[in-house]
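# Got a sequence here, can you build the structure:
(chains A and B)
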Amino acid sequence: MKLVIAEKPSVGRELAKVFGATTRKDGYIEGKGYSFTWAFGHLLQLAPPQEYGFYGWRKEHLPMLPQKFKLSIRKIKTKDGMVEDPGVRKQLDIIQKLFDECTEIIVATDAGREGELIFRYIYSYLKCKKPFKRLWISSQTDEAIKDGFRNLKPGEDYDTLFSSAHCRSVSDWLVGMNATQALSISAGNRSVLSLGRVQTPTLAMICARYLEIKNFIPKIYYQIGIQLDKDGQLFKAISVDNFETKEESEAIFAKVEDVASGFSNGGNITAVEAKPRKEPPPLLHDLSSLQQEANKRNGFTADQTLGLLQNLYESKLVTYPRTGSRYIGDDVFATVPPLIASLTDHPQFAKQAMALGEMTLNKRSVNAKKVTDHHAILTTGIKAGSLSKDHQAVYDMVAGRMLEAFHQECLKEVTKITIQSEITFMANGTVIRSAGWRSVFNDVEDDKKDEDNPALPKVKKGEALPIINKALLEKQTKPKAMYNEASLLKSLETCGKEIEDEELRYAMKDSGLGTPATRAAIIETLLTREYILREKRNLVPTAKGLAVYEIVKEKRIAQAELTGAWEKRLEEIRSGGTSVQEFKSEIIDYTRSITQELLTDGAAISGQLATPATVTT
DNA sequence: GCAAGGTC
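Residues are numbered from 1 along each chain as shown, chains lettered A, B, ... in the order given. Purely as a prediction, here's the structure:
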């Protein structure tokens, strides 16, 4: 018997189906000379400090540098503390039995660094010696699966990928465990002050933004607004320049030739520009973009959205949710028309689904090269029974985005009219000629809500129009907005760099902080540590969070660049350019220095933290 | 009591 092992049950079942294996057993499926089993993500983790003899949190232990790392079964939190996850233990027993019985293993965990690690940790923990080959596919259509099985790779081809994965894991343990204990101990050991490669830069982003807003000094400036009349159709224009002083703006304001000052046609049209603009549909959703949208539309937290999506996935209503790709391959694209047809009885989308059925589908979201472990989130075509309100809301965001993504471009006409009257004014207007994808939700664009003129009258250069109204406007510069879950997720994708362009931002996603599957958990960790609070929809730092930030803000552990630097080195390990030993010794050096620094610097916040919890006996 | 990574 050959054993196929997948990363998760859904993939194991899918592979079995393609092979025609149908005998369902407890934890695996059998048939045609194969057995198909699965993990549930990482079943094993690097063992905690006490398994190396570091009991309690003691300064004398630091830095903890285990010679050889051990693996232990994934734990879950219960009221009696952390215990082995019984489901994980059971599945490991099943895998052990299948390892013993098989002649060969086919590794079918996700095609990536963590997928490799999931299998290798199991293989190592169960002390298996059987030969294994690697299935490496980026799409799970029948054809891609069959093709992958015809082209199995030698297992050892991925040895360096495993090395880089293990290094990632060990490095996070060394830096995270040591830094956390060092800071907690030196700050007086009152509570857990956790630090880590991902959570600490995230905290730093929230704190830096908060302080920037708190220290922001608004500046007053003046603008002049006018209203013009073209044959009874009124429109607004605003001065191109801002004025710094009230005196200056008042002097100019007085000279603007409005009707009330005796000028019947004081507004001279000096330029008219009307340009058609095409707006392509948005890309399909990946987890992060969906979490952002659900936060904006419904106020769901990243964690809630992930939970709702996971339920929908388990009910087979949507495809795999923890994806970082907003694209699908051509093979999946071939399955899209029936998916759209399945929405023709949807109460909200029926009309658009029918219209889309008649059109050539837009292929902006179709690009096999941009599909990594998983493709963008789609519906499956399976009819949703009655869903809870929240589940329905998330399902509709997936379905609606699908209709948008394959829809026509939105065609607009953008008009700019330049008016001269003592100074230069500008009127902007946008008219939608053909709504295209925008007809799915009929939303107003975020940045167009305060646009002064939806439609502008037809005017010609050289015309003079009456200015029927003028106003001196006093305005203030505004600080950036506080982070909320949506804007934080967006920032994590690009390490805090603000990139508006959707595709450019997407290109940077490999250098982001955390992964789609872990970002919601990172936010929850910061909340659990009481480093941050939810204040309405905003995420704001607490005094504790700010105190920790003050200690670490200049250190590498608080900078997103640390992840970038590690990633570069890990890729060198994978490609064979750097030895594992070289990287590990760098990490150990860094662990020693950050631990030492924190043991000293942490004392600074000892007094600032909340009084220790009262101990009752 | 602690990281970040994966998933149910």
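# Which pLDDT value does the model give the residue of the stretch 501-617 of chain A found nearest DNA strand B?
In the stretch 501-617 of chain A, the residue that lies nearest DNA strand B is residue A:515 (3.2 Å; C-beta to the nearest atom of the strand). (Glycine included, C-beta is placed from N, CA and C.) Listed pLDDT for residue A:515 reads 89.
# What of the one 4 residues further on?
On the pLDDT scale, residue A:519 is placed at 94.
# Tell me how many other residues surround the residue of the stretch 501-617 of chain A closest to DNA strand B.
Applying other C-beta atoms under 10 Å, we find 17 residues neighbouring residue A:515.
# Name all residues that make contact with it.
Residue A:515 is in contact with residue A:324, counting by C-beta atoms under 8 Å, 6 or more residues apart in numbering.
# On the three-state scheme, it is what?
Using DSSP: H, G, I helix; E, B strand; the rest coil, the structure places residue A:515 in coil.
# which phi and psi does it have?
Main-chain dihedrals, residue A:515, degrees, to the nearest 10: phi -130, psi 170.
# gap between the residue located most distally from the centre of chain A and DNA strand B?
Centroid-distance maximum for chain A: residue A:262 at 58.1 Å, with C-alpha atoms, centre = their mean. According to C-beta to the nearest atom of the strand, to the nearest Å, residue A:262 stands 68 Å off from DNA strand B.
# Which residues are in contact with that residue?
So residue A:262 contacts nothing (C-beta under 8 Å, 6+ apart).
# Need phi/psi at it.
Torsion angles, degrees, to the nearest 10, at residue A:262: phi 100, psi 10.
# Residue A:141 versus that one, what's the distance?
75 Å (C-beta to C-beta, to the nearest Å).
# Let me know the secondary structure of residue A:398.
The local conformation at residue A:398, judged by three-state DSSP, is helix.
# Next, find the distance separating it from residue A:110.
21 Å.
# And for residue A:259?
Distance, residue A:259 to residue A:110, using C-beta to C-beta: 70 Å.
# quick one, which of these two is more surrounded?
residue A:110 (23 against 16).
# residues touching the more buried one, list them.
Listed by C-beta under 8 Å, 6+ apart, the contact set of residue A:110 reads A:7, A:11, A:118, A:373, A:374.
# try residue A:120
Per C-beta under 8 Å, 6+ apart, neighbours of residue A:120: A:162, A:165, A:166.
# Out of these, name the ones that lie in helices.
Under the assignment DSSP state H, the contacts of residue A:120 contribute A:162, A:165, A:166 to helices.
# can you tell me which of the residues you listed lies nearest to DNA strand B?
Nearest to DNA strand B among those, with distances taken as C-beta to the nearest atom of the strand, is residue A:165, at 8.9 Å.
# which stretches of the stretch 451-600 of chain A have low pLDDT?
Along the stretch 451-600 of chain A, segments meeting pLDDT under 70 span A:451-452, A:496-511.
# how many other residues sit next to residue A:555?
18.
# Check residue A:548 too.
So residue A:548, with other C-beta under 10 Å, has 28 neighbours.
# Ok, residue A:227 next?
Neighbours around residue A:227, by other C-beta under 10 Å: 18.
# likewise residue A:595?
Neighbours of residue A:595 using other C-beta under 10 Å come to 23.
# which one among the contacts of residue A:120 gets closest to residue A:325?
Ranked by distance to residue A:325 (C-beta to C-beta), those are led by residue A:165 at 19.9 Å.
# Please name the residues that touch that closest one.
Residue A:165 neighbours (C-beta under 8 Å, 6+ apart): A:113, A:114, A:116, A:117, A:120.
# Mind checking which of the residues you listed land in helices?
Per DSSP H, the contacts of residue A:165 map to helices at A:113, A:114, A:116, A:117, A:120.
# Please pull out the lowest mean pLDDT helix or strand from chain A.
Ranked by mean pLDDT, DSSP states H and E, the weakest helix or strand in chain A is helix A:502-507, scoring a mean of 60.
# quick one: the residue nearest to residue A:313 when sequence neighbours are not counted from DNA strand B, how far?
In space, and not counting its chain neighbours, residue A:313 is closest to residue A:321: 5.2 Å by C-beta to C-beta, 6 or more residues apart in numbering. Distance, residue A:321 to DNA strand B, using C-beta to the nearest atom of the strand: 8 Å.
# residues in contact with residue A:321?
Residue A:321 sits next to A:287, A:306, A:309, A:310, A:312, A:313, A:377 when contact means C-beta under 8 Å, 6+ apart.
# Same question for residue A:85.
If you count contacts by C-beta under 8 Å, 6+ apart, then residue A:85 has A:73, A:74, A:75, A:76 around it.
# let's go with 10 Å and repeat that
A:40, A:43, A:73, A:74, A:75, A:76, A:78, A:91, A:92 (C-beta atoms under 10 Å, 6 or more residues apart in numbering).
# and those residues as a markdown table, adding neighbour count?
Converted to a markdown table, the contacts of residue A:85 look like this (neighbours: other C-beta atoms under 10 Å):
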| residue | neighbour count |
| --- | --- |
| A:40 | 14 |
| A:43 | 20 |
| A:73 | 16 |
| A:74 | 17 |
| A:75 | 14 |
| A:76 | 11 |
| A:78 | 9 |
| A:91 | 21 |
| A:92 | 21 |
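# Intersect those residues with the contacts of DNA strand B.
A:40, A:43, A:74 (C-beta under 7 Å from any atom of the strand).
# Is there proximity between whichever helix or strand residue A:122 is part of and DNA strand B?
Taking DSSP states H and E as the criterion, residue A:122 maps to helix A:113-125. Yes. Using C-beta under 7 Å from any atom of the strand, helix A:113-125 reaches DNA strand B at A:114, A:118.
# what's downstream of that helix, the next helix or strand?
Following helix A:113-125 in sequence, per DSSP H and E, is strand A:132-134.
# So in that sheet, which strands flank that next one, and in what orientation?
Paired neighbours of strand A:132-134 in the sheet (DSSP bridges): strand A:104-108 (parallel), strand A:153-154 (antiparallel).
# looking at these, which is buried most?
Of all those, strand A:104-108 carries the top mean neighbour count, a mean of 23, counting by mean count of other C-beta atoms under 10 Å.
# Give me the contact list for stretch A:569-588.
Residues contacting stretch A:569-588 (C-beta under 10 Å, 6+ apart): A:63, A:65, A:113, A:116, A:158-168, A:170-175, A:510, A:565-566, A:568.
# hmm, 8 Å instead?
A:65, A:113, A:160-161, A:163-164, A:166-168, A:170-171, A:174-175.
# Check stretch A:38-50 too.
So stretch A:38-50 is in contact with A:5-9, A:11-12, A:27-28, A:61, A:64, A:69-75, A:87-88, A:91-92, A:95, A:109, A:114, A:117-119, A:121-122, A:125, A:169-170, A:173, A:177, A:181, going by C-beta under 8 Å, 6+ apart.
# Flag every residue of the stretch 501-617 of chain A that's near DNA strand B.
So the stretch 501-617 of chain A meets DNA strand B at A:514, A:515, A:516, A:517, A:518, A:521, A:522, A:525 (C-beta under 7 Å from any atom of the strand).
# Recalculate using a threshold of 6 Å.
A:514, A:515, A:517, A:518, A:525 (C-beta under 6 Å from any atom of the strand).
# Of those residues, keep whichever come out buried.
Neighbour counting by 16 or more other C-beta atoms under 10 Å classes A:514, A:515, A:525 among those as buried.
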